[in-house]
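Student: Return a 3D structure for these sequence lines:
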Amino acid sequence: MSIVARTYRGALRDLEHHGRIVVSDTAGKVLYHYGDPYAVTFARSGAKPMQAIAVCESGALDAYEITDQELAIMCASHNGESGHVALVEQILRKAGLDSSYLLCGNEYPIFQESKWEMIRRGLPPDPLHCDCSGKHAGMLLTAKFYGEDLTCYPSPDSPTQRRINEILCHVCDCKLEDLIFAVDGCGVPVHALPMVKLAQGYARMSKPELLGERRGKAVRRITQAMTSYPYEVAGTGRLCTCLMRAFGERLFSKSGAGSFYGIGLKDRGIGIVVKLEDGCSEFMPGVVMKVLTDLGVISQQEQDKLKECWDPDIYNHHNQIVGRKEIDFTLVSNGIEQECV
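Tutor: This next block holds a predicted model:
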């Protein structure tokens, strides 16, 4: 494993954090990398934009008059802020459903202010506040539109999940036997592939015309919804929201649990995948900013737009600066280390 970041306490190096980075084109060619680009990893919620293709292709969005704002939250790992919860409720209501149909599990919001407000009011965790409730609402709508059993949509053998498997294989240019399956935190299947394949999937989503007329139309609508409504994809203080709010005309992006991050450079046919091995997501904004700067996607000056998400200083309980976080890696191209300009 390769070091991507270090922390310093005072002048002394204190901790090291490892990760892998892959930049791929639509053909699966590794353009740049850091660490093993063929290592297998779970995409976790980084697959949500691909999973949402199923509801787009089903006809359910038009049948239930789903807006692009609502589609964005189907791609989300949302904070559970009031606006997020209201949108999921609205999606379900349009399909004649309610939160009792959600099988994502009961959770408190990710956003701490919303969580403590619920606790203060004596409210228990519920499925609407689960960060995956939007994805589950999309799966429910697809099953409802096709007239399928609404209690079985999370099952690996359900028509819902089989459709998603086919989509993932097509988008990431792999075979079904290449997919490695497990169960995600919200109870639905989670998929693992070599990192370069996941990066290729993001690259292909950035060039939707490569996926055929029907699927390309669905992908284009998804990425436009995400960049038009970045708050819905994550929420206050979150990297996805900050990144697409600042640079949405250039890219779309999605985080995944366990420190996974995927980016598609819009209309360029380039995908980027990052995995931090120790799951320490607090370093992800700094790593992503360096990758995008080294690739020339954003400038050094434009990094200031992401200050809400990344502070390299380490503070103690007295709000004194006692250390720093340092991002430290160089992408590799053609076996030669170089900065990507």
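Student: Check the offset of the helix or strand containing residue 169 from the chain's centre.
Tutor: Here residue 169 sits within helix 159-171, counting by DSSP states H and E. Here the centre of helix 159-171 is set off from its chain's centre by 17 Å, with C-alpha atoms, centre = their mean, to the nearest Å.
Student: Packing partners of it?
Tutor: helix 48-51, helix 53-58, helix 133-145, strand 189-194, helix 195-206, helix 213-228 (3 or more C-beta pairs under 8 Å, 6 or more residues apart in numbering; DSSP states H and E). C-beta coordinates here come from the backbone N, C-alpha and C atoms, glycine included.
Student: counting contacts, what elements does whichever helix or strand comes after that helix pack onto?
Tutor: Per DSSP H and E, the first helix or strand lying C-terminal to helix 159-171 is strand 180-183. When contacts are defined as 3+ C-beta pairs under 8 Å, 6+ apart, strand 180-183 sits against strand 40-42, strand 189-194.
Student: same thing but 6 Å
Tutor: strand 189-194 (3 or more C-beta pairs under 6 Å, 6 or more residues apart in numbering; DSSP states H and E).
Student: Neighbouring strands - and their directions - for the strand it packs on?
Tutor: strand 40-42 (antiparallel), strand 180-183 (antiparallel) (DSSP bridges).
Student: pLDDT on that strand, on average?
Tutor: Computed over strand 189-194, the mean pLDDT rounds to 98.
Student: what's the answer for stretch 87-102, then?
Tutor: 98.
Student: so the residue most central in space within the chain, which of the three states?
Tutor: The centroid of the chain falls nearest to residue 254 when counting by C-alpha atoms, centre = their mean (2.3 Å). Using DSSP: H, G, I helix; E, B strand; the rest coil, the structure places residue 254 in strand.
Student: Now do the end-to-end distance for stretch 315-331.
Tutor: Terminal residues of stretch 315-331 are spaced 30 Å apart (C-alpha to C-alpha, to the nearest Å).
Student: I meant stretch 259-279, not that one.
Tutor: Stretch 259-279: ends 5 Å apart by C-alpha to C-alpha.
Student: Quick check: buried residues in it?
Tutor: Across stretch 259-279, burial judged by 16 or more other C-beta atoms under 10 Å covers 259-266, 268-277.
Student: now swap in stretch 115-131 and tell me
Tutor: Here stretch 115-131 shows 115, 118, 125-131 as buried, counting by 16+ other C-beta under 10 Å.
Student: For it, which outside residues touch it?
Tutor: 77-78, 80, 85, 88, 99, 102, 104-110, 133 (C-beta atoms under 6 Å, 6 or more residues apart in numbering).
Student: circling back to that earlier point, tell me which of the strands paired with strand 189-194 lies nearest to residue 321.
Tutor: Residue 321 lies closest to strand 40-42 among those, at 33.8 Å (C-beta to C-beta).
Student: on that earlier part again, so of the buried residues of stretch 115-131, which ones are in helices?
Tutor: 115, 118 (DSSP state H).
Student: Now compare the buried residues of stretch 115-131 and name the two farthest from each other.
Tutor: Farthest pair in the buried residues of stretch 115-131, by C-beta to C-beta: 115 and 127, 15.0 Å.
Student: three-state assignment of residue 8?
Tutor: Residue 8 - assigned by three-state DSSP - is strand.
Student: how about it, what does it touch?
Tutor: Going by C-beta under 6 Å, 6+ apart, residue 8 touches 14, 323-324.
Student: Since that was my last question, I'll sign off now.
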